[in-house]
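# quick one, what's the 3D model for this:
(2 chains)
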Protein chains: 2
Amino acid sequence: MPEALAGTPEPPYWAVVFTSVRTADDPGGYAEAAARMLDLAARQPGFLGAESVRGDDGVGITVSYWDSPEAIAAWRAHPEHRAVQRTGAERWYARYAIRVCRVEREAGGGAS
Amino acid sequence: MPEALAGTPEPPYWAVVFTSVRTADDPGGYAEAAARMLDLAARQPGFLGAESVRGDDGVGITVSYWDSPEAIAAWRAHPEHRAVQRTGAERWYARYAIRVCRVEREAGGGAS
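Sure, this is the predicted structure:
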């Protein structure tokens, strides 16, 4: 991703919060697929941005932002994404949760 | 936090997605305050759970879950939390974004 924090428009818009715990299995294949999925997501209609972090303990959170629930549904149904979802559920993730959300309000700032 | 992934009820409920980039400043004070805030949040009315990850690059995502927007507003206005928000904006975070969301749908699974 080009930026650590996504530049999103005025709410409302939509978010997919994907939280997961990695297995120890297949680190190379996982890393390659994760990078590919972020790249592919960024080229889908309605994509607004994404933020992704994984800690040393294997816990990860990826939030992707979309302009509509229809855009999220289309991305979920993308054939290459579906294949990766299956491998994730079976091999890469000990546990995961996906939450589809409507973003109602946004604020921000910082010292820089 | 007791669990890496939060156990949340059937949607709808609410989420606060807090994404940030740390400065290099005050690692000890920051770590102490971050742990204290998660502990304090967990004791507020309407708190449902939280998930938090920070990567080696200083990017972090914390998602907290709440049963209503009123519970989120009360937590935002908590005096000790407000003091930490000020220090965060001035010292700990180079950049941050806060997004308040209504969770509409949840799914999950995994290999374990």
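
# what about the helices in chain A?
Assigned by DSSP state H, the helices in chain A fall at A:27-41, A:69-76, A:79-87.

# so which of these is the most packed in?
helix A:69-76 (a mean of 16; mean count of other C-beta atoms under 10 Å in any protein chain shown). For the C-beta atoms, the positions are set from N, CA and C on the backbone; glycine is no exception.

# tell me the contacts of the nearest residue to A:S68 once chain neighbours are set aside?
In this structure, A:S68 finds its nearest non-sequential neighbour in A:G46, 5.7 Å apart by C-beta to C-beta, 6 or more residues apart in numbering or on different chains. The contact partners of A:G46, taken as C-beta atoms under 8 Å, 6 or more residues apart in numbering or on different chains, are A:W66, A:D67, A:S68, A:E70, A:A71, A:I72, A:A74, A:W75.

# ok, now how distant is the third one from A:A50?
When distance is defined by C-beta to C-beta, to the nearest Å, A:S68 is 16 Å away from A:A50.

# and what of the fifth one?
Taking C-beta to C-beta as the criterion, A:A71 is separated from A:A50 by 13 Å.

# go on, the second one?
Using C-beta to C-beta, A:D67 is found at 13 Å from A:A50.

# so for the two, which residue has more residues nearby?
Higher neighbour count among A:D67 and A:A50: A:A50, with 20 against 16, using other C-beta atoms under 10 Å in any protein chain shown.

# would you confirm that the more buried one contacts A:A41?
Yes: the pair A:A50 / A:A41 is scored as a contact, 6.4 Å apart, by C-beta atoms under 8 Å.

# tell me, what's touching those two both at once?
Residues touching both A:A50 and A:A41 by C-beta under 8 Å, 6+ apart: A:S64.

# can you pull the buried residues of the longest strand seen in chain A?
Longest strand of chain A, by residue count under DSSP state E: strand A:93-109. Across strand A:93-109, burial judged by 16 or more other C-beta atoms under 10 Å in any protein chain shown covers A:93-103, A:106, A:108.

# does chain B sit close to that strand?
Yes: counting by C-beta under 8 Å from any C-beta of the partner chain, chain B is contacted by strand A:93-109 at A:93-109.

# hmm, stretch A:16-31 in reach of chain B?
Yes: if you take C-beta under 8 Å from any C-beta as the test, stretch A:16-31 does meet chain B, through A:V17, A:T19, A:S20, A:V21, A:T23.

# tell me what the nearest residue to A:R105 once chain neighbours are set aside is bridged to.
Spatially, and ignoring its direct neighbours in sequence, A:R105 is nearest to B:V100 (4.3 Å; C-beta to C-beta, 6+ apart). Beta-bridge partners for B:V100, by DSSP bridges, are A:R105, B:V16.

# tell me the spacing between B:V100 and A:A6.
B:V100 is 15 Å from A:A6, by C-beta to C-beta.

# ditto for A:A34
Distance from A:A34 to A:A6, by C-beta to C-beta: 17 Å.

# repeat that for A:D67.
Counting by C-beta to C-beta, the gap from A:D67 to A:A6 is 13 Å.

# which non-adjacent residue is nearest A:A42?
Nearest non-adjacent residue to A:A42 (C-beta to C-beta, 6+ apart): A:A50, at 7.1 Å.

# residues contacting that neighbour?
By C-beta under 8 Å, 6+ apart, A:A50 lies in contact with A:M1, A:A6, A:L38, A:A41, A:A42, A:T62, A:V63, A:S64, A:Y65.
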